[in-house]
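> take a look and give me a structure for this.
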Amino acid sequence: MIPARFLARRQRFLAQVELADGSRPWVHVPNSGALTGCLTPGLPVLLTAESAPRRKTAYTWRFAQGPAGWICIDTLVPNRLVGEALRGPGLPGWPPVTALRPEVTLPGGGRLDFVAEVGGRLAFVEVKSVTWVEDGVALFPDGVTTRGRRHLQELAALVRQGHLAWQIFVVQRADGELLRPAWEVDPAYARELARAHAAGVRLLVFREKVTPPEISLAELLPFDLRLTGS
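This next block holds a predicted model:
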């Protein structure tokens, strides 16, 4: 972990930071979302050095300092954690997994994060990273997500076909106590999430334990799908 301070973001995948020696490199941002609450100039961040060939940046931004500890901003981490859980001890409410395949492509061309065989049935899984928290409420999404709505529609269609389907949210910080859809940002996604859940898509919300460089799935959190203010 390399400490630095956030300075500015340019486009979705580039941010400028200041290192301890005063240099100001541009670093890769592994998160295309708005990163609400993580872009305050001067905010402490943690980086990793990268040496892969053809990279345009020498560092990747991994963590931001939040009010209750570190926030993991890498959107790939939740997929890795859920994948490890499905391959190992399983997830709450799941029967044993007998087979698992990541990055499954659906007949219509859509793609979901996992398909598992559980109890003789197929279970499809989509995982979302949550980094935005206000007053203990974890909010998703932090920007309009047509792709996220399509995932929910695909999960609901799979339920109608007789399969199992889960939408999993992973809150990547310690101060989230409850998940709500961010209706103010994307009311269409909030409505689609409520419809998918009513149609039989199951929801799981996890909070991570973030102690850089270690990250693990910790507690289950409740969710509230009421469209407050709509």
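
> can you pull out the low-pLDDT segments for the chain?
228-230 (pLDDT under 70).

> buried stuff in the one helix or strand residue 84 maps to?
Assessed by DSSP states H and E, residue 84 sits inside helix 77-87. Neighbour counts over helix 77-87 (16 or more other CB atoms under 10 Å) mark 77-79, 81-83, 85-86 as buried. Bear in mind the C-beta positions are built from the backbone N, C-alpha and C, glycine included.

> quick one: list the elements packing against that helix.
Using 3 or more CB pairs under 8 Å, 6 or more residues apart in numbering; DSSP states H and E, the elements in contact with helix 77-87 are strand 97-105, strand 111-118, strand 121-130, strand 164-171, strand 202-211, strand 214-220.

> residue 93 in helix, strand or coil?
Following DSSP: H, G, I helix; E, B strand; the rest coil, residue 93 is assigned to coil.

> that one: what's it in contact with?
By CB atoms under 8 Å, 6 or more residues apart in numbering, the residues touching residue 93 are 202, 204.

> repeat the analysis, applying 7 Å as the threshold.
Taking CB atoms under 7 Å, 6 or more residues apart in numbering as the contact definition, residue 93 lies against nothing.

> could you identify the longest helix within this structure?
Ranked by residue count under DSSP state H, the longest helix found in the chain is helix 146-160.

> what angle do it and strand 121-130 make?
Angle, helix 146-160 to strand 121-130, by axes from the mean of the first three to the mean of the last three CA atoms, to 10 degrees: 160 degrees.

> for helix 146-160, name the packing helices and strands.
For helix 146-160, the packing partners by 3 or more CB pairs under 7 Å, 6 or more residues apart in numbering; DSSP states H and E come out as strand 121-130, strand 164-171, helix 187-198.

> what about those, which gets the closest to residue 140?
strand 121-130 (4.8 Å; CB to CB).

> for that closest one, buried residues please.
122-130.

> how is this structure partitioned into domains?
For the chain, automatic domain parsing gives the domain ranges 2-66, 77-220.

> want to throw the buried residues of helix 77-87 into TSV with distance to residue 190?
Shown next, in TSV, are these (distance: CB to CB, whole Å):
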residue	distance to residue 190
77	24
78	20
79	23
81	25
82	23
83	27
85	27
86	27
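
> return the closest of the residues you listed with respect to residue 177.
residue 78 (17.9 Å).

> show the contacting residues for the nearest residue to that closest one once chain neighbours are set aside.
Spatial nearest neighbour of residue 78, excluding adjacent residues (CB to CB, 6 or more residues apart in numbering): residue 170 at 3.5 Å. Residue 170 makes contact with 78, 81, 127, 129-130, 206, 208, according to CB under 7 Å, 6+ apart.

> list the beta-bridge partners for residue 170.
Here residue 170 sits in beta bridges with residue 129, residue 206, going by DSSP bridges.

> roughly how far does it sit from residue 133?
13 Å (CB to CB, to the nearest Å).

> now residue 174
9 Å.

> higher neighbour count, the two?
Comparing residue 174 with residue 133 by other CB atoms under 10 Å, the one with more neighbours is residue 133, at 25 against 20.

> can I get stretch 186-196 in CSV, CA atoms only?
C-alpha atoms of stretch 186-196 as CSV (Å, rounded to 0.1, in the frame of the first residue of the first chain):
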residue,chain,number,x,y,z
ASP,A,186,-31.9,6.8,-10.8
PRO,A,187,-35.6,6.4,-10.1
ALA,A,188,-35.9,3.9,-12.9
TYR,A,189,-33.4,1.6,-11.3
ALA,A,190,-35.1,1.9,-7.9
ARG,A,191,-38.4,0.9,-9.5
GLU,A,192,-36.8,-2.0,-11.4
LEU,A,193,-35.2,-3.3,-8.2
ALA,A,194,-38.5,-3.3,-6.4
ARG,A,195,-40.2,-5.1,-9.4
ALA,A,196,-37.5,-7.7,-9.6
